[in-house]
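J.: Any chance you could fold what I've pasted below:
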Amino acid sequence: MRPHILCLPLLAGAVLAISACSTVRGAGVGAAVGAGAAAVSDHDVRDGAVLGAGAGAIVGTVAD
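T.: Numbers count the residues shown, from 1 in each chain. Below is the predicted model of the structure:
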């Protein structure tokens, strides 16, 4: 396994920890979940990420 791939979870954790805004954090998590769900269900990954980011931003705003 390549060493730089092992750093990705650390980088993702740092970005989420530094991000103070719940809206941005929710959008990031939503985009990742939406893209993953779209990939698994054989749909367009970009559309899934956009929809997930929108939903995540709304949830992040309401939860804050």
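J.: drop to CA atoms for contacts and neighbour counts, all remaining ones
T.: Will do.
J.: Just say helix, strand or coil for the residue lying closest to residue 51 once chain neighbours are set aside.
T.: Nearest residue to residue 51 in three dimensions, chain neighbours excluded: residue 34, at 6.6 Å (C-alpha to C-alpha, 6 or more residues apart in numbering). Three-state call for residue 34 (DSSP: H, G, I helix; E, B strand; the rest coil): helix.
J.: these two touch, right, residue 34 and residue 50?
T.: Yes - using C-alpha atoms under 8 Å, residue 34 is in contact with residue 50, at 7.5 Å.
J.: higher neighbour count, these two?
T.: Taking neighbours as other C-alpha atoms under 10 Å, residue 34 and residue 50 compare with residue 34 leading, 24 against 17.
J.: Could you pull out the buried residues of stretch 28-39?
T.: 28-38 (16 or more other C-alpha atoms under 10 Å).
J.: and which of these is nearest residue 58?
T.: residue 30 (9.7 Å; C-alpha to C-alpha).
J.: any idea of the mean pLDDT for the host helix or strand of the closest one?
T.: Using DSSP states H and E, the secondary-structure element containing residue 30 is helix 22-40. Helix 22-40 shows a mean pLDDT of 87.
J.: Following element in sequence after it, please.
T.: helix 45-63.
J.: still on that earlier bit, rebuild the buried residues of stretch 28-39 as CSV, extending it with distance to residue 45.
T.: Below are the buried residues of stretch 28-39 laid out as CSV (distance: C-alpha to C-alpha, whole Å):
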residue, distance to residue 45
28, 14
29, 14
30, 13
31, 10
32, 10
33, 10
34, 8
35, 5
36, 7
37, 8
38, 5
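J.: which two in these are spaced the farthest apart?
T.: Farthest pair in these (C-alpha to C-alpha) is 28 and 38. Separation: 15.3 Å.
J.: do you know how far the nearest residue to residue 37 once chain neighbours are set aside is from residue 21?
T.: Spatially, and ignoring its direct neighbours in sequence, residue 37 is nearest to residue 48 (7.1 Å; C-alpha to C-alpha, 6+ apart). Distance, residue 48 to residue 21, by C-alpha to C-alpha, to the nearest Å: 22 Å.
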